[in-house]
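Q: Sequence and computational prediction follow.
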Amino acid sequence: MRKHPRLEDKTAKESAAAKEPGPTAHSAGALLSRLDHLDSEVRREAGKTLQLWDEAIADRSFLPAAINLANYLAMRRLDLGTIQSGLSELGLSSLGRSEGHVAATLQAVRASLARITGVEGVAYPEHGAWTAGQNLLARRKRELFAAPGPAPAIMVTMPTEAARDRDLVQSLMDAGMNCARINCAHDDPEVWQAIITNVRSAATELGRECRILMDIGGPKCRIDSVSPRKPKRLHVGDRFRVLREPEAAHGGSTPAITLSFPEVVARLDVGSLIWINDGKIRGRVVEPAEGGWTVEVVGAREKGEKLRLEKGVDMPGVDLGLPPLSSDDLRDLDFVAAHADLVGFSFVQRPSDILLLDQHLADRLPGKPLPPLVLKIETAIAVQNLPRLIVQAAGRRPVAIMIARGDLAAALGFGRMAEIQEEMLWLCEAACVPVVWATQVLDDLVRDGLPSRAEATDAAMAQRAECVMLNKGPHLVAAIHFLADIFARMDRHQVKKSARLGPLHSWPSASLKLEP
């Protein structure tokens, strides 16, 4: 069969191009020079950073990961965009997937450029340099979340019913739950003990492991009282009051709330933002009120939202001045230290917060190793301090990072949240630290039994994390099955930022023939 004329022209051009010399040694030489400079700059800056971190790294098994993290931070402070296209034109790595092996990537690219230009003395990295970080990250995932396979672990927030319904717990575990999360902001030690007993019993019966994560509440500001008890739904333009004392709520017809930390009311001012329940109600302080402030709703769903007890309250841009551990946290730590496999640290912000928690844990666990930590990143300060938080925690025991996207979106804004969750995934991969993708994953499915298109896509994106958290709701078992199915499908196509180029089955050859 005669070829189409356009195909013949293309073939002729490709044959001619194949006879021409490839990219000039001059262009490759220029790139090699720039990569040599980049490599030196990264080593120098990373060395300075490691000196700052050295005392915190008591567990020296974390040192290789710390070195890679320092290398990554040093490299990403530079603008790599000007050399990436040049490297790609030569068929080389553009450095875009170097998180787990920064030094090895730079060395491999430099070695390839040296071969192109005829420069001697630049060796390729040893094979193990490429997989050491990946293997450590996989090992940490298994240790922390009892998930041996490639798919992310599935963490489930335990409802109160799990304390009295052992069959529910077993069905969750049978569906694929790897980690049971107990939020110490709710229920009490009696309920927590019953949940743990049911989880341990079901795990033994099923021959499975299931970790227990207990989250201490941290300085989370919540609605402590609502007046009237059943207020009407709030819509954009409606007003409510934030007051220091519940007694002041009885005056006036405007709904009122008090907070679990009433002292923060004094830190507000006209113009301060108040986000309630992960931003479902977004308000702005408009004027003083007796005993507090009047807030106008500037964002809510069209059908409105209700003020409810215990819902979280965020105040973006306001320094609340709260201690990292409340009196309730210190009381709860007595139980947590004795029963939890993992300790979740809510609203951690500074390395000194971790040192404080470690001291309290050590006091309760004399002579025993510190338990693994899950650091919940929920504030702008925590994002800013993330590298230091990782090193301070991981330098003494295994650690994971939870991207608590609800509070974080309230603190940063939704636009910034889309960017920062990507950057946090990259940073944690560089540190060989597992990530928990949290807040409202498959929320519609968990609550109502049917997922939205947007949250199904969000769940597929979560496959790049090492663990994904589901919140409580009546359709949890169905959500676990749905999530596990998504992970199985996505594993064929994606590992972290890297695409797997397995065969596509959606368009077989027989389907490509045009109709006559």
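A: Noted; the coordinates are in hand.
Q: List the buried residues for stretch 417-435?
A: The neighbour-count check on stretch 417-435 (16 or more other C-beta atoms under 10 Å) flags 417, 420-421, 424-435 as buried. The C-beta positions use only the backbone N, C-alpha and C, and glycine is treated the same way.
Q: Please identify which two of those residues are farthest apart in space.
A: 417 and 432 (24.3 Å; C-beta to C-beta).
Q: Next, residue 437: secondary structure please.
A: strand (DSSP: H, G, I helix; E, B strand; the rest coil).
Q: Quick check: residue 210 vs residue 435, distance?
A: Residue 210 is 20 Å from residue 435, where distance means C-beta to C-beta, to the nearest Å.
Q: Residue 39 now?
A: 28 Å.
Q: ok now stretch 68-88, how far from the chain's centre?
A: Here stretch 68-88 is found 23 Å from its chain centre; the criterion is C-alpha atoms, centre = their mean, to the nearest Å.
Q: OK, contacts around the closest residue to residue 116 other than its chain neighbours?
A: Spatially, and ignoring its direct neighbours in sequence, residue 116 is nearest to residue 28 (4.2 Å; C-beta to C-beta, 6 or more residues apart in numbering). The contact partners of residue 28, by C-beta atoms under 8 Å, 6 or more residues apart in numbering, come to 90, 113, 116-117.
Q: what about residue 28, which helix or strand?
A: Using DSSP states H and E, residue 28 maps to helix 25-53.
Q: Please compute how far that helix lies from its chain's middle.
A: 29 Å.
Q: So for it, what gets flagged as buried?
A: Result for helix 25-53 [16+ other C-beta under 10 Å]: buried residues 27-29, 31-32, 35-36, 38-39, 42, 45-46, 49-50, 53.
Q: Quick one: neighbours of the closest residue to residue 322 other than its chain neighbours, just the number.
A: Closest residue to residue 322 apart from its sequence neighbours, by C-beta to C-beta, 6+ apart: residue 219 at 3.6 Å. Using other C-beta atoms under 10 Å, residue 219 has 21 neighbouring residues.
Q: just the one 3 residues further on next, same as before
A: Other residues lying near residue 222 total 18 when counted by other C-beta under 10 Å.
Q: how far away is it from residue 139?
A: Residue 222 is 37 Å from residue 139, by C-beta to C-beta.
Q: hang on, the earlier thing: which SS state does the residue nearest to residue 322 fall under?
A: Quick answer, by three-state DSSP: residue 219 is coil.
Q: from memory it sits against residue 319, does it?
A: No. Applying C-beta atoms under 8 Å as the test, residue 219 and residue 319 come out as separate, 11.8 Å apart.
Q: that older thread, most neighbours out of the contacts of residue 28, which is it?
A: residue 113 (26 neighbours).
Q: now that residue: how far from residue 48?
A: 27 Å.
Q: what's the neighbour count on the residue nearest to residue 497 when sequence neighbours are not counted?
A: Take residue 497 and drop its neighbours on the chain: the residue closest to it by C-beta to C-beta, 6+ apart is residue 97, 5.2 Å away. If you count neighbours by other C-beta under 10 Å, residue 97 ends up with 16.
Q: A strand includes residue 376, no?
A: Yes. Residue 376 sits within a strand when classified using three-state DSSP.
Q: ok, which stretches of the stretch 201-350 of the chain are helices?
A: Using DSSP state H, counting those that start in this stretch, the helices of the stretch 201-350 of the chain run over residues 327-339.
Q: any idea where the strands of it begin and end?
A: 211-216, 223-227, 239-243, 256-259, 273-276, 281-289, 292-299, 313-314, 342-345 (DSSP state E, counting those that start in this stretch).
Q: what does the helix or strand just after the last one contact?
A: Sequence-wise, the next helix or strand downstream of strand 342-345 (DSSP H and E) is helix 351-364. Contacts to helix 351-364, defined as C-beta under 8 Å, 6+ apart, come from residues 56, 324-325, 330, 333-334, 337-338, 343, 345, 348, 370-371, 373, 375, 385, 388-389, 391-393, 396.
Q: can you dump the C-alpha coordinates of helix 351-364 into CSV?
A: Output of helix 351-364 as CSV, limited to C-alpha atoms (Å, rounded to 0.1, in the frame of the first residue of the first chain):
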residue,chain,number,x,y,z
PRO,A,351,9.8,23.1,67.0
SER,A,352,9.5,24.2,70.6
ASP,A,353,6.0,22.8,70.6
ILE,A,354,7.4,19.3,69.7
LEU,A,355,10.0,19.6,72.5
LEU,A,356,7.2,20.4,75.0
LEU,A,357,5.1,17.4,73.9
ASP,A,358,8.2,15.1,73.9
GLN,A,359,8.9,16.1,77.5
HIS,A,360,5.3,15.3,78.6
LEU,A,361,5.4,12.0,76.7
ALA,A,362,8.8,11.1,78.2
ASP,A,363,7.4,11.8,81.7
ARG,A,364,4.6,9.3,81.0
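Q: which of the residues in it are buried?
A: In helix 351-364, counting by 16+ other C-beta under 10 Å, buried: 351, 353-354, 357-358, 360-361.
Q: And for stretch 243-262?
A: Buried, per 16+ other C-beta under 10 Å, within stretch 243-262: 243-244, 246, 248-249, 255-262.
Q: by contact count, what packs against the strand or helix carrying residue 408?
A: Element membership of residue 408 [criterion: DSSP H and E] is helix 405-412. Using 3 or more C-beta pairs under 8 Å, 6 or more residues apart in numbering; DSSP states H and E, the elements in contact with helix 405-412 are strand 313-314, helix 380-384, helix 414-430, strand 435-438.
Q: try 7 Å
A: Other helices and strands packing on helix 405-412, by 3 or more C-beta pairs under 7 Å, 6 or more residues apart in numbering; DSSP states H and E, are strand 313-314, helix 414-430.
Q: Now do the same contact list for residue 233.
A: Contact analysis of residue 233 by C-beta atoms under 7 Å, 6 or more residues apart in numbering lists 304-306.
Q: Those, buried ones only, as a ChimeraX selection?
A: Those of the contacts of residue 233 that count as buried under 16+ other C-beta under 10 Å are selected in ChimeraX with:
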select :305,306
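Q: Return the member of the contacts of residue 233 nearest to residue 482.
A: Checking those against residue 482 with C-beta to C-beta, the nearest one is residue 305 at 26.8 Å.
Q: Unless I misread the structure, residue 58 falls within a strand.
A: No. Counting by three-state DSSP, residue 58 falls outside a strand, being coil.
Q: Can I get the helices and strands packed on helix 405-412 in a markdown table including distance to residue 504 and mean pLDDT?
A: Formatted as a markdown table, the helices and strands packed on helix 405-412 follow (distance: least, C-beta to C-beta, whole Å; pLDDT from 0 to 100):
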| stretch | distance to residue 504 | mean pLDDT |
| --- | --- | --- |
| strand 313-314 | 43 | 90 |
| helix 414-430 | 26 | 91 |
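Q: can I get those in CSV with distance to residue 190?
A: Compiled in CSV, the helices and strands packed on helix 405-412 are given as follows (distance: least, C-beta to C-beta, whole Å):
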stretch, distance to residue 190
strand 313-314, 28
helix 414-430, 36
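Q: Which one, of the ones you listed, ends up nearest to residue 76?
A: Between those, helix 414-430 lies closest to residue 76; by C-beta to C-beta that is 8.0 Å.
Q: The most centrally placed residue in the chain: which element?
A: What sits nearest the mean C-alpha location of the chain, by C-alpha atoms, centre = their mean, is residue 403, with 2.8 Å. Per DSSP H and E: residue 403 is located in strand 399-404.
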